[in-house]
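S.K.: My questions are about this predicted structure, shown below with the sequence.
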Amino acid sequence: MATKARETKQYYYIGLFILFGLLIAFCTSVVNYRLELVSIEKKLGQQAEAVFQNKLTDLESYTRGLEDIVSALRDNGLLLDYLKAPSPQGYHNVCRFFQGIALSHEELMQVRYLDREGREVVRVDRDRGSISAEIIPEDRLQDKGHRYYFIESSQTQPYGYWYSRLDLNIENKKIEVPYKPVLRLASPLYLGQQFQGIVIINVHVKEFLQKFSQNSLFDICLIDREGYYLKAHQDNFSWSRYLETGFSVYSHYPEQAQQILFDEQTTRLKAYGTLFVGSLKALLKKDEGLLLLHARDDAVQSLQEERQRAALLIVTIILLLSIPLALIISRGPVKLHRKIAEQNRALSESMGIIDNNVAIATLDLEGRFKEGSTAFARSLGVSREQLTGMHSDRLRSQDLPGAYYDDIWASVQDSEAWSGEVQYSRLNGNCYWADTLILPQRDEDGELSGYSAIYQDITDKKRIEQLSITDVMTGLYNRRFFNVVIEKELNRARRSGRYLAFAMLDVDYFKQYNDHYGHQKGDSVLQEVAAIIAAKVSRGSDACFRLGGEEFGILFTEVDPWEAQKFVDSIRLAMVEKGIEHRWSSVSEVITVSLGLLSVLPDESVSVDLVYRLADEALYEAKESGRNRVVARTLDTGGRRTG
Ligand code: GH3
Ligand code: MG
Ligand code: MG
């Protein structure tokens with residue numbers, strides 16, 4: 001049973017430690033998760049920045065490639081020769097060169113040279129992906145002098161480049177379907193200081209934009225400065241300005257739109273939660289567009305999952321660590337617990353032994369029992385519950401004066417501890433003697449708060465003691481006890497300066513009584529005599545003894561020898577009054593007694609023997625002078641004897 005309990009306790013501690021580990025793991029995971037959430041945004045920001053820079057590079061190298069094409073057309077010798085000295089052969093050569101260039105780049109839709117008035121001079125058209133490029137014959141060449149691209153590009157500085165807006169190709173004043181996103185790039189041509197015309201290419205940018213807007217982490221959109229989509233990751237949003245679909249940052253990001261469009265744009269990305277915005281101003285010359293990078297939900301989720309997996313891993317590691325750790329750590333408390341349990345058991349065993357065998361009790365300041373041991377309750381014949389709250393005065397013996405107990409309490413309150421043999425009365429009236437130790441109890445401030453008492457039952461000892469000092473036949477104290485008491489009383493009288501009175505009593509003609517009435521009747525006479533003496537001697541300080549045979553002793557303190565004599569004589573008279581027939585007595589019809597009394601005011605010189613002898617002499621005199629009388633003597637400290 002005990003082993004099982006111990007094991008349970010061990011599991012309890014192990015469980016507790018694991019729980020503790022779990023709690024820590026949980027807390028760190030929560031903290032970690034919170035931190036990770038912040039770092040997800042941070043990480044997204046970093047990735048967006050990287051993607052953005054990549055895209056800028058892509059765009060830059062793309063436009064540089066286009067510029068290279070334009071510069072190759074503009075600066076080539078065939079065109080310059082033709083302009084300096086026009087000839088049909090020169091024109092043909094230029095056309096073939098332009099055709100060659102057009103065929104060399106898939107995305108070129110149109111390659112032209114316009115003269116200073118804006119008339120098309122050389123024009124090569126090519127359908128995207130087609131293996132042929134058509135040189136447009138002179139009769140189909142048009143005048144583009146009024147078109148915005150000619151006007152704007154012709155005003156560009158020499159060797160500079162002009163970019164058109166990014167828009168959809170229009171064929172016969174209608175947006176060509178399928179949509180063809182087109183970018184025009186032109187450069188003016190000078191001979192010396194003389195403006196000659198422009199070289200212009202139409203680039204089909206669909207494929208480039210397709211690639212440009214692709215990314216695994218972000219949905220990438222290009223918008224113009226009004227917030228309309230140029231190229232969106234979802235095709236139906238694209239070209240919203242031209243198709244008038246109404247899609248814009250206002251419809252997709254109503255809360256951030258204002259900020260996105262009107263915040264000052266720098267080359268760095270700006271974050272709006274999981275949306276990042278960067279400016280393409282430096283590259284898209286005409287379209288001061290913005291690049292939107294919106295973190296894809298699946299990308300964010302996979303980042304979060306990655307974090308969750310990390311958190312889970314931490315929890316698992318902590319758990320795995322905490323189990324063996326818990327096992328190791330819990331050993332200490334388990335051992336400690338066992339030790340404490342063992343000691344508790346030993347202690348409660350001891351307490352049980354004490355409770356059952358030692359009579360102890362605590363009392364309040366009024367003398368009421370607060371608590372008492374089983375042994376104490378048992379010795380009083382009550383239950384522990386009955387004892388609690390009971391006043392200790394209920395244990396006072398009726399045979400003793402109240403002052404006897406009051407004195408004890410007075411000295412307990414005066415001193416640190418009190419001990420002594422005390423006679424109590426059990427609740428059923430039986431006598432209970434206890435060697436009593438009373439200790440005051442003090443509270444934290446040192447104030448008296450009550451008492452604790454230890455009682456050792458000495459009733460039996462007292463009974464034996466009583467027996468050893470009692471005369472069996474008469475119930476009075478015996479001669480042996482007289483010897484002890486007289487010594488003490490003599491000392492006490494020496495200290496107090498009060499008279500000690502000692503009377504010796506002897507039955508008159510008792511031999512005759514025995515002879516005629518029988519020994520048994522003689523015994524009962526002696527018992528009667530004892531009863532009469534005992535009834536007279538009732539004060540606590542007085543005592544009477546059977547000194548031997550039909551001789552009795554009475555010890556009492558009396559201030560006045562005359563009073564002492566009167567008292568002793570009252571005993572003699574009580575004996576006569578008792579009227580026990582004694583026809584063989586020479587002094588009376590009834591039993592009479594003679595008494596010798598000594599009242600002594602003793603000093604050191606007065607011995608027990610002297611007291612005894614003088615009292616005996618007085619008794620002898622009482623006998624000699626006729627019996628049934630008292631002869632009194634007084635001895636004061638000077639040793640004077642008076643009759
Ligand atoms: P006196 O008046 O001089 O004292 O004469 P007395 O006969 O009383 O004196 P004595 O000393 O000669 O006799 C004492 C008698 O007391 C002797 C004895 O038989 C009797 N006696 C002593 N002890 C006991 C006792 O315990 N029981 C009985 N029944 N008699 C006792
Ligand atoms: Mg005698
Ligand atoms: Mg006698």
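M.R.: Everything's here; your move. Ligands and ions are numbered 1, 2, ... in the order given.
S.K.: Can you report how many residues neighbour Asp139?
M.R.: As a burial measure, Asp139 scores 5 neighbours (other Cβ atoms under 10 Å). (Glycine included, C-beta is placed from N, CA and C.)
S.K.: now Phe212
M.R.: 17.
S.K.: So it sits against Glu60, correct?
M.R.: No - assessed by Cβ atoms under 8 Å, Phe212 is found out of contact with Glu60, at 11.8 Å.
S.K.: Mind listing the shared neighbours of those two?
M.R.: Counting by Cβ atoms under 8 Å, 6 or more residues apart in numbering, no residue touches both Phe212 and Glu60.
S.K.: how long is stretch 586-596 end to end?
M.R.: Using Cα to Cα, to the nearest Å, the end-to-end distance of stretch 586-596 comes to 19 Å.
S.K.: Now do it: distance to the chain's middle.
M.R.: 92 Å (Cα atoms, centre = their mean, to the nearest Å).
S.K.: again, but for stretch 549-563
M.R.: With Cα atoms, centre = their mean, you get 78 Å for stretch 549-563.
S.K.: So which bits of that stretch are buried?
M.R.: Across stretch 549-563, burial judged by 16 or more other Cβ atoms under 10 Å covers Glu550, Glu551, Phe552, Gly553, Ile554, Leu555, Phe556, Thr557, Glu558, Pro561.
S.K.: Would you reformat these as a markdown table and include pLDDT and secondary structure?
M.R.: A markdown table is the format used below for those (pLDDT from 0 to 100; DSSP: H, G, I helix; E, B strand; the rest coil):
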| residue | pLDDT | secondary structure |
| --- | --- | --- |
| Glu550 | 95 | coil |
| Glu551 | 97 | strand |
| Phe552 | 98 | strand |
| Gly553 | 97 | strand |
| Ile554 | 97 | strand |
| Leu555 | 95 | strand |
| Phe556 | 92 | strand |
| Thr557 | 85 | strand |
| Glu558 | 74 | coil |
| Pro561 | 92 | helix |
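S.K.: Out of these, which are close to ligand 1?
M.R.: By Cβ under 6 Å from any ligand atom, the members of the buried residues of stretch 549-563 lying near ligand 1 are Glu550.
S.K.: nearest to Gln259, of the buried residues of stretch 549-563?
M.R.: Using Cβ to Cβ, Thr557 comes nearest to Gln259 of these, at 117.9 Å.
S.K.: what ranges do the strands span in the stretch 1-150 of the chain?
M.R.: Secondary structure of the stretch 1-150 of the chain (DSSP state E, counting those that start in this stretch): strands at 108-115, 120-125, 134-135.
S.K.: Can you say which of those strands is nearest to ligand 1?
M.R.: strand 108-115 (162.1 Å; Cβ to the nearest ligand atom).
S.K.: could the strands of the stretch 1-150 of the chain be laid out in CSV, adding mean pLDDT and mean neighbour count?
M.R.: Compiled in CSV, the strands of the stretch 1-150 of the chain are given as follows (pLDDT from 0 to 100; neighbours: other Cβ atoms under 10 Å):
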stretch, mean pLDDT, mean neighbour count
strand 108-115, 94, 24
strand 120-125, 94, 22
strand 134-135, 92, 16
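S.K.: Make TSV from those and add distance to ligand 3 to it.
M.R.: Compiled in TSV, the strands of the stretch 1-150 of the chain are given as follows (distance: least, Cβ to the ion, whole Å):
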stretch	distance to ligand 3
strand 108-115	169
strand 120-125	176
strand 134-135	180
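S.K.: and of these, who's closest to Phe262?
M.R.: Closest among the strands of the stretch 1-150 of the chain, using Cβ to Cβ: strand 108-115, at 35.1 Å.
S.K.: list the buried ones in stretch 462-470?
M.R.: Lys462, Ile469, Thr470.
S.K.: Against Tyr432, how distant is the last one?
M.R.: When distances are taken as Cβ to Cβ, to the nearest Å, Thr470 and Tyr432 turn out to be 19 Å apart.
S.K.: give me the residue from the stretch 51-200 of the chain nearest ligand 1.
M.R.: Val51 (134.5 Å).
S.K.: Any idea how many residues pack against that residue?
M.R.: 20.
S.K.: Report all helices and strands that the one helix or strand Tyr242 maps to contacts.
M.R.: Element membership of Tyr242 [criterion: DSSP states H and E] is helix 240-243. Helix 240-243 sits against strand 167-168, strand 229-231, with contacts defined as 3 or more Cβ pairs under 8 Å, 6 or more residues apart in numbering; DSSP states H and E.
S.K.: Would you tell me which one of those strands is buried the most?
M.R.: By mean neighbour count, with neighbours taken as mean count of other Cβ atoms under 10 Å, strand 229-231 ranks first of the helices and strands packed on helix 240-243 at a mean of 26.
S.K.: average pLDDT across that strand?
M.R.: What strand 229-231 shows for mean pLDDT is 86.
S.K.: Columns secondary structure on top of the buried residues of stretch 462-470, output as CSV?
M.R.: As requested, the buried residues of stretch 462-470 are exported to CSV (DSSP: H, G, I helix; E, B strand; the rest coil):
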residue, secondary structure
Lys462, helix
Ile469, coil
Thr470, strand
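S.K.: Ligand 3: which of these is nearest?
M.R.: Nearest to ligand 3 among the buried residues of stretch 462-470 is Thr470, at 22.4 Å by Cβ to the ion.
S.K.: So the closest one sits against Arg480, correct?
M.R.: No - Thr470 lies out of contact with Arg480 (Cβ under 8 Å); the separation is 9.9 Å.
S.K.: returning to that earlier point: adding distance to Leu610 as columns, could you present the strands of the stretch 1-150 of the chain in CSV?
M.R.: Listed next are the strands of the stretch 1-150 of the chain as CSV, based on distance: least, Cβ to Cβ, whole Å:
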stretch, distance to Leu610
strand 108-115, 161
strand 120-125, 169
strand 134-135, 172
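S.K.: Right, I'll call it a day here.
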